[in-house]
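K.L.:
3D model of this:
(one chain, ligands or ions: 3)
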Amino acid sequence: MLKGRVLKSTGKFYAIQTEGSDALIQASLLGKYKQSITEYTNPIAVGDFVDVSQEDQSENWRITNIYPRENAIIRKSVNLSKQKHIIASNIDRLFLVISLKEPQTTRMFIDRYLVAAEQYAIPTTLIFNKLDLLDTAEKQRLNLLCEIYQTIGYDCFKISIHTQEGLELLREVLHNQTVLFSGHSGVGKSSLLNYFLPDLHSKTAPISKTHKQGQHTTTFAQMHSFSKNSFLIDTPGVKSFDLVDIDPLELHHYFKELFSASSQCKFHNCQHISEPNCEITKRVALGKIDPTRYKNYTLIKNDLMLNNTYRRKKT
Ligand SMILES: Nc1nc2c(ncn2[C@@H]2O[C@H](COP(=O)(O)OP(=O)(O)OP(=O)(O)O)[C@@H](O)[C@H]2O)c(=O)[nH]1
Ligand SMILES: [Mg+2]
Ligand SMILES: [Zn+2]
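P.N.:
Ligands and ions are numbered 1, 2, ... in the order given. This is a model prediction of the structure:
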């Protein structure tokens, strides 16, 4: 039996790097896991630590044990589905790759994704790519956006893979950790990986001319060794991000700036909507909390409450 880490998953086979070796083992999943784990569309995710064993007399490797995950980015597989999809696990940092146009990443998408990262307290860096496409007014808008998220506590990088602006600063952050690259299709995740790992030649594709959207070029998650103790994970683009396992009454725990203010609300169970002496609505009115962040908090909260009702009715 050997312990290893899942570097790639095609759904049927998993590429495992075993401890102390550079060689990859191709393994499949023991039947009991396939049946027992119906909660997830992918019971094994890239980043998982597993044990693998060779079947008697054969050369086939099987995954016989999955170690508990330290953390993971998990979303609903599709809207209203009960199944969850694990984007990757056991990561040290999330790089949320964003482009303001071609394709556009909305504030709502960013905030939903940040909630998922905060569920497991995964440190997140916002990477604004495609700087070369922005005119002066759009660059000013981007600067304001970075200011908002930096004030909350998220590092922001403004880069262009085409002009290579900002890329060397980013390289310095990559060492000694497992970094997950995620975001919409077409924002440049694989292009970014190809820059840092020039031998990789990961497939990239232009965004569609008509809809200015990505074409879902990367189809499965894959982890690549970058330097000693450093791994970079490329993932398929996600269209939307539906959250899982969040109690709407606790949503403010996952908005850093709301959570830190909430201890000063009059009521300990304040939901920060219309309660008297709510520190959060007070700070929004004073311009100390960004109004779009607060609005997204209320919208996501409504969404979670509706979803809970739907589920209760169905089950
Ligand atoms: N103008 C401009 N285009 C870029 C930049 N970075 C990447 N692109 C282009 O954007 C397109 C999509 O890039 P990909 O790297 O395939 O995007 P992805 O995020 O991996 O997309 P999926 O694999 O579909 O999730 C390619 O045509 C890239 O050349 C940039 O900084 N500026
Ligand atoms: Mg890609
Ligand atoms: Zn409050």
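K.L.:
Point out the residues in the stretch 151-300 of the chain that sit beside ligand 1.
P.N.:
160-162, 185-191, 204-207, 214-218, 236-237 (CB under 6 Å from any ligand atom). Every residue, glycine included, has its C-beta placed from N, CA and C.
K.L.:
Can you tell me the SS state at the closest residue to ligand 2 within the stretch 1-150 of the chain?
P.N.:
Taking CB to the ion, ligand 2 has its nearest neighbour within the stretch 1-150 of the chain at residue 97, 9.7 Å off. Judged by DSSP: H, G, I helix; E, B strand; the rest coil, the three-state class of residue 97 is strand.
K.L.:
Quick check: the gap between the closest residue to it other than its chain neighbours and residue 293.
P.N.:
Taking CB to CB, 6 or more residues apart in numbering, and ignoring the residues beside it in sequence, residue 97 has residue 183 as its nearest neighbour in space, at 3.8 Å. With distances defined as CB to CB, to the nearest Å, the gap from residue 183 to residue 293 amounts to 19 Å.
K.L.:
These two: which has the busier surroundings?
P.N.:
Just comparing residue 183 and residue 293: by other CB atoms under 10 Å the higher neighbour count belongs to residue 183, 28 against 20.
K.L.:
how far away is the more buried one from ligand 3?
P.N.:
Here residue 183 is placed at a distance of 31 Å from ligand 3 (CB to the ion, to the nearest Å).
K.L.:
got a list of what that residue touches?
P.N.:
Residue 183 is in contact with 96-98, 105, 113, 189, 237-238, counting by CB atoms under 8 Å, 6 or more residues apart in numbering.
K.L.:
dump the residue contacts of residue 110.
P.N.:
Remark: with contacts taken as CB under 8 Å, 6+ apart, residue 110 is in contact with 96, 98, 126, 149.
K.L.:
Can you select the buried ones from the residues of the stretch 151-300 of the chain next to ligand 1 in ChimeraX?
P.N.:
For selection in ChimeraX, the members of those meeting the burial criterion (16 or more other CB atoms under 10 Å) are listed in this command:
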select :160,161,185,186,187,188,189,190,191,204,207,214,217,218,236,237
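K.L.:
re the thing from before, would you point out the most distant pair within the contacts of residue 183?
P.N.:
For the contacts of residue 183, the farthest-apart pair by CB to CB is 113 and 189; their separation is 13.2 Å.
K.L.:
Find residues that contact each of these two.
P.N.:
Here residue 113 and residue 189 share the contacting residues 182-183, scored by CB under 8 Å, 6+ apart.
K.L.:
By average pLDDT, which secondary structure element in the chain comes out worst?
P.N.:
Least confident element among the helices and strands of the chain, by mean pLDDT, DSSP states H and E: helix 31-36 (a mean of 63).
K.L.:
Let me see the mean pLDDT of the very next helix or strand once past that one.
P.N.:
Reading on from helix 31-36 to the C-terminus, the next helix or strand found by DSSP states H and E is strand 49-54. Averaged over strand 49-54, pLDDT sits at 94.
K.L.:
and strand 49-54, what does it pack onto?
P.N.:
With contacts defined as 3 or more CB pairs under 8 Å, 6 or more residues apart in numbering; DSSP states H and E, strand 49-54 has these neighbours: strand 2-9, strand 14-18, strand 24-29, strand 61-66.
K.L.:
tell me the contacts of the closest residue to ligand 1 within the stretch 101-250 of the chain?
P.N.:
When distances are taken as CB to the nearest ligand atom, the stretch 101-250 of the chain reaches nearest to ligand 1 at residue 237, 2.7 Å away. The contact partners of residue 237, taken as CB under 8 Å, 6+ apart, are 183-187, 189, 214, 216-218.
K.L.:
Please repeat the previous calculation with a cut-off of 7 Å.
P.N.:
183-186, 214, 216, 218 (CB atoms under 7 Å, 6 or more residues apart in numbering).
K.L.:
So it, which state does it fall into?
P.N.:
In terms of secondary structure, residue 237 is coil; the call rests on three-state DSSP.
K.L.:
Which residue, other than its chain neighbours, is closest to the residue of the stretch 201-315 of the chain found nearest ligand 2?
P.N.:
Among the residues of the stretch 201-315 of the chain, residue 218 lies closest to ligand 2, at 3.1 Å counting by CB to the ion. The shortest distance from residue 218 to any residue other than its chain neighbours is 4.8 Å, reached at residue 236 (CB to CB, 6+ apart).
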